[in-house]
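Chemist: Just the structure for this:
(chains A and B)
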Amino acid sequence: MDPHTVVVIGAGPAGLTAAYELAKLQRRAIVLEKQDRVGGLARTENYKGFCFDIGGHRFFTKVEEVNQMWRALLGQDFLRRPRLSRIYYNRRFFYYPLRPLNAVIGLGLLRSLLIVLSYVRWQLFPHRREETFEQWVTNRFGKRLFQTFFKTYTEKVWGISCSDLRAEWAAQRIRGLSLKTALLSMFLKPKQTIKTLIEEFHYPRLGPGMMWRAVKDEIERRDCAVRLNCEVAAIRRNGNRIESVVVSNNGHDEIVQGSAFISSMPLGEFLKKLDPPPPPRVIEAAKQLRYRDLIVVCLIVKKPNLFPDNWIYVHDPEVRVGRIQNYKNWSPDMVPDPAKTSLGLEYFCTQGDDLWNTPDADFVELGKREIGRIGVADATDIEDGCVVRVPNAYPVYDTDYRRHLATVREFVDGLENFQTVGRNGLHRYNNQDHAMLTGMLAVRNLVLGEHNDLWSVNTEPDYHEEALVEESAIEEALARVFTKLDRLAFGLSLGAVSGALLFVATLWLVLKGGEVVGPNLRLLNQYFPGYSVSLWGSVIGLVYGFLSGFIGGWLFAFLRNATMFLYMVRAERKAQRGLLRRIFDYL
Amino acid sequence: MADEDKRLEQIILTRLVRLNAKIQGLVTGLAAGLLIFIATNWLVLKGGRQVGPHLSLLGQFFVGYRVTFLGSLIGFAYAFVCGFIVGYSVAWMYNWIADLKEVKN
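Modeler: Modelled structure (predicted):
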């Protein structure tokens, strides 16, 4: 084994992208994956020729390098697909994004009216402190809308009450609601982008796994290796340097050495495998990082068409399924037989809970029952099914995760030749494209000596060097427009200039002299008692001019600041209304 | 809330806007000049036995100014200069006080 090899642990989007970038730069890389296929959380499962996506991966990104990679590797297989998704609630279907008339018909007039009244009530008297997700949503949409459309689905996804979920999570995840975006949207009106995002998306012809198989082939074509069924059993270190990993493959242990290591495995798992282990407080902190797990029940239905949606959000509390994918509508080639349809029923759970412990056969039966109950397919039409369990699918942002993550990060950052990437490697709810970007940036750090902070890669491309320039320029421009006009400073300056003006004007007339000095300017004494067009009057005029200028300037600055504030509030409110149209994409 | 959004809020809430003295001078000058120009010509066009007896009092300060078309051009020039001085002075003084306040804070 070449000791200069870069060892990449995990063949998910982040790990494979890192290996692909290394291969392009003609560096030796070896990827170790414990599963029998590549793709990680973005893999495509195959059951009797039917392709199943784990969670539904729309290919949409603002990161140009990622976009280029997708297009380069998929070519003609990178399809542009129409999007339709609905919400199932209270035994009815609602279009998503919500359409007002459809929502009113579905909810009924009385309920719709109560939602509007509740919205008004919470706009007038909001929660003073927004600490929980429930308070955060209620303040923006009202209590009734929260209970109708947010509560059950969010609790299904996260498994904890909305009153225990941090408001910070919503604000962090839903970046479209930032003040900056809101203000920019008032100027730029990016309607086309939003419309496109809502109505269309890109998708590989055979699911996201197709993309990752193409990446694997490309890596191997460039003399690097992707080894499947290789579970990392231990990671050996010497002080702050990782020296090798012990890989377990079909009962045989093998030592893989490398000069640098990139890992996308969950942080807790990584720390547990370190030899010698990290300090106990770091392990303890890693144990506190929680994940939400996912079970996908794949059903094959003997019907050519079931419903037009790509997926349906199931808010109804009467069934436990959270989302239903119709893979044929993602790409017709996901189904080998046009006379049949394949569905993916997503159950959000936590390892060890009753759902996770349900045997596969019972799960398929549960899926059949719930599909029948919702009414999208008849249970008797379901000819076969399988179950895919996905542990650690979503990192949970609970009350203390930041504190624990900081402890773990401090230790991991101290490892000299190691970088952690990807959703679980960073315990960050990143999408596929952002996970890929962490892989790209890790390679740039390693090969080009850059200092990209992988932990700050988030849901917007503001960590891009190019984008950073643009972002800071935008920020600077916004700051210039919206910063406060200081009332005192403006009052004093206007007062001083007004006073000086009246002083000079009076003095000018006094010096000019004449039979009657300044008969018209003298009329000012109607407002300024004691003022006259004389030497002494010019001094009094100076004082009056200063006072009236000060009051005028102060008031102008006050009104200007208030108007700016109202404008910003309006921008935020408008952004919030827009958010309602697409919030479930972020959850 | 995202860090960069907090940063923007922080800037908006704590920083004071600075005025561009030259631009403010130009804008004030142009506004004052146009005001005199239009007001004078309006009275000229209206005509009458005695044209603009009150506005012509500006001649006390703007030597050579009259309520005529030529006077409107002279008035524009005077008002522009005065407006520029006023606008520039207000902005310059405002920035100076704002700097003092920010340094103090």
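Chemist: Count the residues that sit near the closest residue to chain B within the stretch 301-450 of chain A.
Modeler: Among all residues of the stretch 301-450 of chain A, residue A:402 sits closest to chain B, at 12.2 Å; criterion: C-beta to the nearest C-beta. In short, each C-beta sits where N, CA and C put it, glycine included. Using other C-beta atoms under 10 Å in any protein chain shown, residue A:402 has 12 neighbouring residues.
Chemist: tell me, what residue is most central in chain B?
Modeler: For chain B, residue B:28 is the residue whose C-alpha lies nearest the centre (C-alpha atoms, centre = their mean; 1.9 Å).
Chemist: For that residue, which non-adjacent residue is spatially closest?
Modeler: residue B:87 (2.8 Å; C-beta to C-beta, 6 or more residues apart in numbering or on different chains).
Chemist: sorry, back to before: how much space between the residue nearest to the centre of chain B and chain A?
Modeler: Distance of residue B:28 to chain A, computed by C-beta to the nearest C-beta, to the nearest Å: 10 Å.
Chemist: Thought residue B:80 was touching that residue, still the case?
Modeler: No. Contact criterion C-beta atoms under 8 Å: residue B:28 and residue B:80 do not qualify, at 9.1 Å.
Chemist: I'd like the next helix or strand past the helix or strand bottoming out on mean pLDDT in chain B.
Modeler: Within chain B, no helix or strand scores below helix B:3-14, which has a mean of 63 by mean pLDDT, DSSP states H and E. Going down the chain from helix B:3-14, the next helix or strand is helix B:21-46, by DSSP states H and E.
Chemist: any idea how far that following helix is from the chain center?
Modeler: Relative to the mean C-alpha coordinate of its chain, helix B:21-46 is positioned 9 Å out (C-alpha atoms, centre = their mean, to the nearest Å).
Chemist: Quick one: work out the angle between the very next helix or strand once past that helix and helix B:21-46.
Modeler: Using DSSP H and E, the helix or strand that follows helix B:21-46 towards the C-terminus is helix B:69-104. Interaxial angle, helix B:69-104 versus helix B:21-46 (axes from the mean of the first three to the mean of the last three C-alpha atoms, to 10 degrees): 150 degrees.
Chemist: Output the contacting helices and strands for helix B:69-104.
Modeler: Helix B:69-104 sits against helix A:487-512, helix B:21-46, with contacts defined as 3 or more C-beta pairs under 8 Å, 6 or more residues apart in numbering or on different chains; DSSP states H and E.
Chemist: what's in contact with stretch A:533-549?
Modeler: Outside stretch A:533-549, the residues that touch it by C-beta atoms under 8 Å, 6 or more residues apart in numbering or on different chains are A:491, A:494-503, A:505-507, A:509-510, A:517-518, A:521-522, A:524, A:527-528, A:530-532.
Chemist: Let me know the average pLDDT across that stretch.
Modeler: Averaging pLDDT along stretch A:533-549 yields 93.
Chemist: Equivalent analysis for stretch A:574-587, please.
Modeler: pLDDT averaged over stretch A:574-587 gives 62.
Chemist: which element is the residue of the stretch 301-450 of chain A closest to chain B on?
Modeler: Assigned by DSSP H and E, residue A:402 belongs to helix A:401-413.
Chemist: Return the most buried member of the helices and strands packed on helix B:69-104.
Modeler: helix A:487-512 (a mean of 21; mean count of other C-beta atoms under 10 Å in any protein chain shown).
Chemist: Of all the strand elements in chain A, which one is longest?
Modeler: Using DSSP state E, we find that the single longest strand of chain A is strand A:382-395.
Chemist: who touches residue B:29 in this structure?
Modeler: Residues near residue B:29 by C-beta under 8 Å, 6+ apart: B:79, B:80, B:81, B:82, B:83, B:84, B:87.
Chemist: and if we set it to 10 Å?
Modeler: B:76, B:77, B:79, B:80, B:81, B:82, B:83, B:84, B:85, B:86, B:87, B:88 (C-beta atoms under 10 Å, 6 or more residues apart in numbering or on different chains).
Chemist: could those be laid out in a markdown table, adding distance to residue A:280, pLDDT and neighbour count?
Modeler: Listed next are the contacts of residue B:29 as a markdown table, based on distance: C-beta to C-beta, whole Å; pLDDT from 0 to 100; neighbours: other C-beta atoms under 10 Å in any protein chain shown:
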| residue | distance to residue A:280 | pLDDT | neighbour count |
| --- | --- | --- | --- |
| B:76 | 81 | 95 | 22 |
| B:77 | 82 | 96 | 17 |
| B:79 | 79 | 94 | 25 |
| B:80 | 77 | 96 | 21 |
| B:81 | 77 | 95 | 15 |
| B:82 | 77 | 94 | 18 |
| B:83 | 73 | 95 | 23 |
| B:84 | 72 | 96 | 21 |
| B:85 | 73 | 95 | 16 |
| B:86 | 71 | 94 | 20 |
| B:87 | 67 | 94 | 24 |
| B:88 | 67 | 95 | 21 |
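Chemist: which of these lies closest to chain A?
Modeler: Using C-beta to the nearest C-beta, residue B:86 is the member of the contacts of residue B:29 that lies nearest chain A, at 5.5 Å.
Chemist: And that closest one, how far from residue A:510?
Modeler: 21 Å (C-beta to C-beta, to the nearest Å).
Chemist: hmm, what's the outermost residue in chain A?
Modeler: residue A:515 (79.0 Å).
Chemist: Note down every partner strand of the longest strand of chain A and its orientation.
Modeler: The pairing partners recorded for strand A:382-395 under DSSP bridges are strand A:291-301 (antiparallel).
Chemist: Can you give the distance of the partner strand from its chain's centre?
Modeler: On C-alpha atoms, centre = their mean, the centre of strand A:291-301 falls 23 Å from that of its chain.
Chemist: try stretch A:538-558
Modeler: Worked out by C-alpha atoms, centre = their mean, stretch A:538-558 lies 51 Å from the chain centre.
Chemist: For residue A:403, which non-adjacent residue is spatially closest?
Modeler: residue A:285 is the one closest to residue A:403 (C-beta to C-beta, 6+ apart), at 7.8 Å.
Chemist: List the contacts of residue A:9.
Modeler: The neighbourhood of residue A:9, defined by C-beta under 10 Å, 6+ apart, consists of A:15, A:30-34, A:230-232, A:235, A:245, A:247, A:256, A:261-265, A:269-270, A:273, A:418, A:420-422, A:425.
Chemist: Show the model's pLDDT score for it.
Modeler: So, for residue A:9, pLDDT stands at 96.
Chemist: cool, and residue A:64?
Modeler: 87.
Chemist: SS state for residue A:245?
Modeler: Under DSSP: H, G, I helix; E, B strand; the rest coil, the three-state class of residue A:245 is strand.
Chemist: The one 3 residues further on too?
Modeler: Each residue gets one of three states, and residue A:248 gets strand by three-state DSSP.
Chemist: Strands of the stretch 1-150 of chain A, start to end?
Modeler: A:6-9, A:29-32, A:44-47, A:50-53, A:78-82, A:85-89, A:92-96 (DSSP state E, counting those that start in this stretch).
Chemist: where exactly do the strands run in the stretch 151-300 of chain A?
Modeler: A:200-204, A:225-227, A:231-238, A:241-249, A:252-257, A:260-263, A:274-275, A:291-301.
Chemist: circling back: can you name every helix or strand that the helix holding residue A:402 contacts?
Modeler: helix A:167-173, helix A:267-272, helix A:280-287, strand A:418-420 (3 or more C-beta pairs under 10 Å, 6 or more residues apart in numbering or on different chains; DSSP states H and E).
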